[in-house]
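> What follows is a predicted protein model with its sequence.
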Amino acid sequence: MQPNGRMVHACIRPGSAGMTIRSRRETVTFKHPFQIRGIDRMLPDIRRALAEVENNAKDLRDRQTLLESQLLSHPAASWPEAAAKARYVLNLYAAGLSPDDTRHRDLVTAIFEDFARLAQEG
């Protein structure tokens with residue numbers, strides 16, 4: 001609010017280098033944008049959180065790549081190890097299914113139940 005009691009709204013026009021202030025009666029355009037107090041304290045927290053999420057996602061992708069390399073390079077020594085590899089691939093497949101694809105989701109669930117039953121029997 002200005003000293004004379006009028007409300008002032010600031011906005012940046014797309015494509016312009018300056019900033020425009022509008023009141024009910026007049027428009028003032030600044031050649032150089034200015035910074036709003038307090039916003040600079042909030043942005044570092046947001047940037048830090050975003051960087052942390054991006055780093056965690058990269059770490060997860062790197063670990064997934066390492067796991068998949070190990071699964072490819074080492075043959076299973078037993079049926080339970082082969083089933084563990086199959087579970088991993090089936091989970092990847094199931095994650096990509098559309099929510100409407102209940103038939104394939106049911107098929108994946110049935111295979112997991114078969115693995116559990118056969119592990120208990122053998």
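On my side now, so go ahead. Numbers count the residues shown, from 1 in each chain.

> Give the rounded mean pLDDT of the helix or strand where residue 58 lies.
Element membership for residue 58 (DSSP states H and E) is helix 39-73. For helix 39-73, mean pLDDT rounds to 87.

> buried set for the following helix or strand past it?
Next along the chain after helix 39-73, taking DSSP H and E as the criterion, comes helix 79-95. Within helix 79-95, the residues that count as buried by 16 or more other C-beta atoms under 10 Å are 83, 90, 94. Just so you know, the C-beta spots here come from the backbone N, C-alpha and C atoms, and that holds for glycine as well.

> Would you mind writing the CA trace of the helix or strand that helix 79-95 is followed by as PDB?
Heading C-terminal from helix 79-95, the first helix or strand you meet, by DSSP H and E, is helix 102-121. Output of helix 102-121 as PDB, limited to C-alpha atoms (Å, rounded to 0.1, in the frame of the first residue of the first chain):
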ATOM      1  CA  THR A 102      -6.700 -55.400 -14.700                       C
ATOM      2  CA  ARG A 103      -6.200 -58.600 -16.700                       C
ATOM      3  CA  HIS A 104      -2.400 -58.200 -16.900                       C
ATOM      4  CA  ARG A 105      -2.300 -57.000 -13.300                       C
ATOM      5  CA  ASP A 106      -4.200 -60.100 -12.200                       C
ATOM      6  CA  LEU A 107      -1.800 -62.200 -14.200                       C
ATOM      7  CA  VAL A 108       1.200 -60.700 -12.500                       C
ATOM      8  CA  THR A 109      -0.400 -61.200  -9.100                       C
ATOM      9  CA  ALA A 110      -1.100 -64.900 -10.000                       C
ATOM     10  CA  ILE A 111       2.500 -65.400 -11.000                       C
ATOM     11  CA  PHE A 112       3.700 -63.900  -7.600                       C
ATOM     12  CA  GLU A 113       1.300 -66.200  -5.800                       C
ATOM     13  CA  ASP A 114       2.700 -69.200  -7.800                       C
ATOM     14  CA  PHE A 115       6.300 -68.200  -6.800                       C
ATOM     15  CA  ALA A 116       5.300 -68.000  -3.100                       C
ATOM     16  CA  ARG A 117       3.500 -71.400  -3.200                       C
ATOM     17  CA  LEU A 118       6.300 -73.100  -5.000                       C
ATOM     18  CA  ALA A 119       8.900 -71.700  -2.700                       C
ATOM     19  CA  GLN A 120       7.000 -73.100   0.300                       C
ATOM     20  CA  GLU A 121       6.600 -76.500  -1.300                       C
END
